[in-house]
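Chemist: Sequence and predicted structure below; questions after.
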Amino acid sequence: MAREHRGVVRAAQELGHVGTAESELRHQLREIAGVAVNAQLDQTLGKPISRAAALVVADIVAQYVLMESAGWIPKRDTRAVATELERLVKKGLYKK
Amino acid sequence: MSPAHGPIQWQPAPGRSDASSARGRRTRDKILRSAIAVFGKRGFGETTVLDIAEHAGMASGTVYQYFEDKHDIFRCLLQDLTEKLHRDTRMPADDEGRLVVRDSMLTYIDVYREYAPIFRAWWELLEPPTEFTDAWVGLHEKSRGEMAAVVEDGRKRGIIDKKTDPEIAADLIVAAFERPVYVKIVLGWDDHTSDEDLADVMSHILGRGLAED
């Protein structure tokens, strides 16, 4: 989706500065994303996670798509990125 | 990524003072301190050289003796800060090669808070791309490279799953450090998440995952 709406991702970054209406809208969208992530992860992990954790996961996704959309990092296979993110969130970076 | 993404190299523009005298250095430092304060309060876009001069208690002509414009001032600030930021926000690994996450996150938040005005201005200058975007990408490329090396080392030591892609993991780790701190410190979306909460979450994600009890 972010690739399809790359211009929106970049424009949101350009316009969403401190104190702007666009920034407030992004704040609200982050809240919504946090709730959605929370519900999804509760199911995936089989246990409730904190609101802070859900927001961090939503932030990681938001930052990653900005980094890719702006060309700061190479475009990678989406499934590979999703797999790594799932691994980090569920199992962490290190083996148990 | 192109090698052009390097650190900012600043030097006085033609015809500007190089602040070689002690008095000149004091004046230039005062301008830079005022610029940090005003950028933090008004953001980069809304700041004028006159605002900076007024904050410093000097005529705008004095500011122009040292700098061409506010971009030149910001360029000078970044030259001083980029190396320091990279050094101060580097995440160490322990003897077994595991990243020391919680303390690193708390340090990162402190550094971000200390330089919040610079980060605020810098984020504003990322899109559309400018020379400051290049400096930003360069700084983060360095961090991503180091992080990818840590993941690669962890795979060799057998403490990180061999299936982990070092490059993608490094991108995600950098994203995980950057944005939550930016929204908390610069955008002020506190959301009742304390510094310690944030550090705990990162410690889990870069430790053994959120599924762990």
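Modeler: Received the coordinates, thanks. Computed from a predicted model, the values in this text were never measured in an experiment.
Chemist: Can you list the residue ranges for helices in the chain?
Modeler: All of this refers to chain A. Taking DSSP state H, the helices of chain A run over residues A:6-15, A:21-45, A:51-69, A:78-91.
Chemist: wrong one, I was asking about chain B
Modeler: For chain B, the helices defined by DSSP H occupy B:22-42, B:49-56, B:60-66, B:70-88, B:101-114, B:116-124, B:131-157, B:166-181, B:195-205.
Chemist: Need these in CSV (columns: mean neighbour count).
Modeler: Just so you know, the C-beta spots here come from the backbone N, C-alpha and C atoms, and that holds for glycine as well. Formatted as CSV, the helices of chain B follow (neighbours: other C-beta atoms under 10 Å in any protein chain shown):
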stretch, mean neighbour count
helix B:22-42, 17
helix B:49-56, 19
helix B:60-66, 17
helix B:70-88, 18
helix B:101-114, 18
helix B:116-124, 22
helix B:131-157, 18
helix B:166-181, 24
helix B:195-205, 20
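Chemist: the bottom helix or strand of chain A by mean pLDDT?
Modeler: helix A:6-15 (a mean of 86; mean pLDDT, DSSP states H and E).
Chemist: Tell me where chain B is predicted with low confidence.
Modeler: Within chain B, the segments meeting pLDDT under 70 span B:1-6, B:213.
Chemist: State the distance from A:Arg10 to B:Ala121.
Modeler: 19 Å (C-beta to C-beta, to the nearest Å).
Chemist: For residue 81, which non-adjacent residue is closest in space?
Modeler: By default, I'm working from chain A. B:Ile168 (5.7 Å; C-beta to C-beta, 6 or more residues apart in numbering or on different chains).
Chemist: let's do chain B instead
Modeler: B:Ile118 is the one closest to B:Leu81 (C-beta to C-beta, 6+ apart), at 6.0 Å.
Chemist: ok so, going back, can you give the contact residues for the least confident helix or strand of chain A?
Modeler: A:2, A:22, A:26, A:65-66, A:69-70, B:126-128 (C-beta atoms under 8 Å, 6 or more residues apart in numbering or on different chains).
Chemist: Give the buried subset of those residues as a PyMOL selection command.
Modeler: A single PyMOL command selects the buried members of the contacts of helix A:6-15 (16 or more other C-beta atoms under 10 Å in any protein chain shown):
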select buried, (chain A and resi 26+65+66+69+70) or (chain B and resi 126+127)
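Chemist: what residues are up against the residue positioned nearest the centre of chain A?
Modeler: Central residue of chain A (C-alpha atoms, centre = their mean): A:Val61, 2.0 Å from the mean position. By C-beta under 8 Å, 6+ apart, A:Val61 lies in contact with A:33, A:85.
Chemist: if we go to 10 Å?
Modeler: Counting by C-beta atoms under 10 Å, 6 or more residues apart in numbering or on different chains, A:Val61 makes contact with A:2, A:33, A:37, A:81-82, A:85, B:172, B:175, B:179.
Chemist: Make sure B:Val201 is actually in contact with A:Leu55.
Modeler: Yes. Using C-beta atoms under 10 Å, B:Val201 is in contact with A:Leu55, at 8.6 Å.
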